[in-house]
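Student: Quick one: sequence and predicted model below, then my questions.
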Amino acid sequence: MALQRYGVSYSLLGASFDELTNVQAINLNIGVQAQLDQIRSSTATVEARYPDGYASPITALKAGTFIRIYNYTDPSSAYVIWQGKISDVSVQYGFPYQSSVGNADFITIICEGYFAALGRMNGNDYAMSAA
């Protein structure tokens with residue numbers, strides 16, 4: 001059995017994606033967890049080391065940026081397993097910080113699936129009958 005590898009990429013416009021390096025953890029929640037749960041949007045949380053983030057932050061990592069999580073056995077054959085948009089970003093700065101590098105800095109990216117945007121859409125006072 002081949003080793004499973006996962007990657008994360010981001011894009012401001014959704015056309016060309018750049019890979020996020022130093023990813024440490026990916027957590028996906030898709031579908032319902034229990035039989036009686038309400039249907040909700042899929043979510044993803046990505047944690048990555050961010051050693052150069054203070055001196056040269058990645059400005060594209062902000063709310064509304066497209067995110068792809070993919071599985072690949074080699075970099076030329078990536079299979080997208082989840083796609084959505086960033087809803088929140090937080091950075092945890094740690095010590096030591098030396099020569100513009102923070103080896104203990106981490107970034108946490110919280111993402112939501114496209115169903116979340118649908119739930120926030122305005123219906124422009126459209127009334128739909130049950131029948």
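Tutor: Sure thing, it's come through. Not measured: the values here are computed from a predicted model.

Student: what's the strand of greatest length in the chain in contact with?
Tutor: For the chain, the strand that runs over the most residues, judged by DSSP state E, is strand 78-92. Here strand 78-92 makes contact (Cβ atoms under 8 Å, 6 or more residues apart in numbering) with 6-7, 10, 28, 30, 42-44, 50, 53, 61-72, 105-114, 116-117. Backbone N, C-alpha and C define where each C-beta goes, glycine included.

Student: Strands - which of those residues land there?
Tutor: Using DSSP E, the contacts of strand 78-92 in strands are 6-7, 10, 28, 43-44, 66-72, 106-112.

Student: Only whichever of the residues you listed are buried, select them in ChimeraX.
Tutor: Here is the ChimeraX selection string for the buried members of the ones in strands among the contacts of strand 78-92, based on 16 or more other Cβ atoms under 10 Å:
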select :7,10,28,43,44,66,67,68,69,70,106,107,109,110,111,112
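
Student: hey, what's A78 bridged with?
Tutor: Using DSSP bridges, the bridge partners assigned to A78 are Y72.

Student: burial measure for it, as a count.
Tutor: A count of nearby residues for A78, using other Cβ atoms under 10 Å, gives 18.

Student: Of all the helices and strands in this structure, which has the lowest average confidence?
Tutor: Ranking every helix and strand in the chain by mean pLDDT, DSSP states H and E puts strand 97-98 at the bottom, with a mean of 80.

Student: May I have the residues that are in contact with F106?
Tutor: F106 neighbours (Cβ under 8 Å, 6+ apart): 24, 47-50, 91-92, 94.

Student: Just the buried ones out of those residues, please.
Tutor: 47-50.

Student: just to revisit the earlier point, residues contacting the least confident helix or strand of the chain, please?
Tutor: Applying Cβ under 8 Å, 6+ apart, the external contacts of strand 97-98 come out as 54, 105.

Student: mind listing what that strand pairs with, with the direction of each?
Tutor: Under the criterion DSSP bridges, strand 97-98 sits next to strand 101-102 (antiparallel) in its sheet.

Student: Show me how far the strand it pairs with is from its chain's centre.
Tutor: Offset of strand 101-102 from its chain centre (Cα atoms, centre = their mean, to the nearest Å): 23 Å.
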